[in-house]
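A.B. asks: I would like to see how this sequence folds:
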Amino acid sequence: MCKTVLAVTLVAAFAVPYASAQSMSDCHSTKDPKIAHPACEKVIGDASHDARTHAIAYGVRGKLFHRAQNYDEAIAVLTKGIEVDPTYAILFSSRGMSYYSKNELELAKSDFDEAIRLNPKDLEPLANRAILRYSTSDYAGAAEDFSAAIHLSPKMPVLYSYRGKSWLSAGEAEKAAADFRKVLELDPANEEARGMLRDLGMEPK
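C.D. replies: Reported below is the predicted structural model:
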């Protein structure tokens with residue numbers, strides 16, 4: 001009888017951690033929102049998790065809503081996550097993208113600024129802020145952000161391509177040409193960069 005009771009007790013003791021771990025795993029299975037959303041809700045509702053774990057779950061849900069183009073819901077969920085853990089940079093970066101998708105550019109830039117402040121080594125908010133600056137004709141600011149992004153990831157041709165376009169729009173043809181040549185150095189088959197150089201009257205070196 002004692003062994004039976006002990007066995008039942010052990011099963012009960014290990015059931016909660018296993019269920020919690022399963023919810024965490026399913027929460028991150030973002031390929032299927034029908035699984036991820038309820039799993040993330042379970043994680044958020046589990047008081048045994050710390051603030052960062054809750055924030056990660058809010059972040060996953062926010063990205064799911066964003067992918068479904070439900071930007072208002074994404075912003076609402078990500079804002080809750082920020083209230084739980086205002087030091088988690090990814091939440092600001094993700095919310096910035098949702099604001100950007102709604103063309104609320106000042107709010108988007110503010111969130112990208114905060115994400116970069118919290119984690120200067122994260123490429124995503126830097127690149128996104130650069131694109132936002134370019135879209136608002138702040139070409140020098142865009143080139144500055146792309147330069148910072150290139151410093152973090154110097155082997156990505158697309159960053160040089162965007163910086164080249166930023167320099168070109170800012171009237172810096174030589175700097176633009178240098179970036180398009182760098183694109184071809186990293187990606188010799190890139191016809192866009194080759195075409196940009198031809199348009200500038202410059203050939204790849």
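
A.B. asks: give me the element the residue nearest to the spatial centre of the chain is part of.
C.D. replies: Ranked by distance to the mean C-alpha position of the chain (Cα atoms, centre = their mean), the top residue is Glu124 at 4.8 Å. Element membership of Glu124, judged by DSSP states H and E, is helix 123-135.

A.B. asks: Lys34 now?
C.D. replies: In this structure, Lys34 is located in helix 33-45 according to DSSP H and E.

A.B. asks: circling back to that earlier point, now find how far off-centre whichever helix or strand comes after the helix holding Glu124 is within its chain.
C.D. replies: Elements were assigned by DSSP H and E; along the chain past helix 123-135, the next helix or strand is helix 139-152. Shown here is helix 139-152, whose average C-alpha point lies 17 Å from the average C-alpha point of the whole chain (Cα atoms, centre = their mean, to the nearest Å).

A.B. asks: buried ones in helix 139-152?
C.D. replies: Neighbour counts over helix 139-152 (16 or more other Cβ atoms under 10 Å) mark 139, 141-150 as buried. Just so you know, the C-beta spots here come from the backbone N, C-alpha and C atoms, and that holds for glycine as well.

A.B. asks: which element follows it toward the C-terminus?
C.D. replies: In the C-terminal direction, the helix or strand that comes right after helix 139-152 (DSSP H and E) is helix 157-169.

A.B. asks: what's that following helix in contact with?
C.D. replies: In this structure, residues lying in contact with helix 157-169 by Cβ atoms under 8 Å, 6 or more residues apart in numbering are 127, 130-131, 134, 137, 139-140, 142-143, 146-147, 149-150, 153, 173, 175-180, 182-183, 186-187, 190, 192-193, 196, 200.

A.B. asks: just to revisit the earlier point, between the helix holding Glu124 and helix 139-152, how big is the angle?
C.D. replies: Inter-element angle recorded for helix 123-135 and helix 139-152: 160 degrees (by axes from the mean of the first three to the mean of the last three Cα atoms, to 10 degrees).

A.B. asks: CA atoms only: put helix 123-135 into PDB for me.
C.D. replies: The C-alpha coordinates for helix 123-135 follow below in PDB (Å, rounded to 0.1, in the frame of the first residue of the first chain):
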ATOM      1  CA  LEU A 123      21.100  43.300 -35.800                       C
ATOM      2  CA  GLU A 124      17.300  43.300 -36.300                       C
ATOM      3  CA  PRO A 125      16.300  46.700 -34.700                       C
ATOM      4  CA  LEU A 126      19.300  48.400 -36.300                       C
ATOM      5  CA  ALA A 127      18.400  47.200 -39.800                       C
ATOM      6  CA  ASN A 128      14.700  48.000 -39.200                       C
ATOM      7  CA  ARG A 129      15.500  51.500 -38.000                       C
ATOM      8  CA  ALA A 130      17.700  52.100 -41.000                       C
ATOM      9  CA  ILE A 131      14.900  51.100 -43.300                       C
ATOM     10  CA  LEU A 132      12.500  53.400 -41.500                       C
ATOM     11  CA  ARG A 133      15.000  56.300 -41.700                       C
ATOM     12  CA  TYR A 134      15.400  55.600 -45.500                       C
ATOM     13  CA  SER A 135      11.600  55.600 -45.900                       C
END
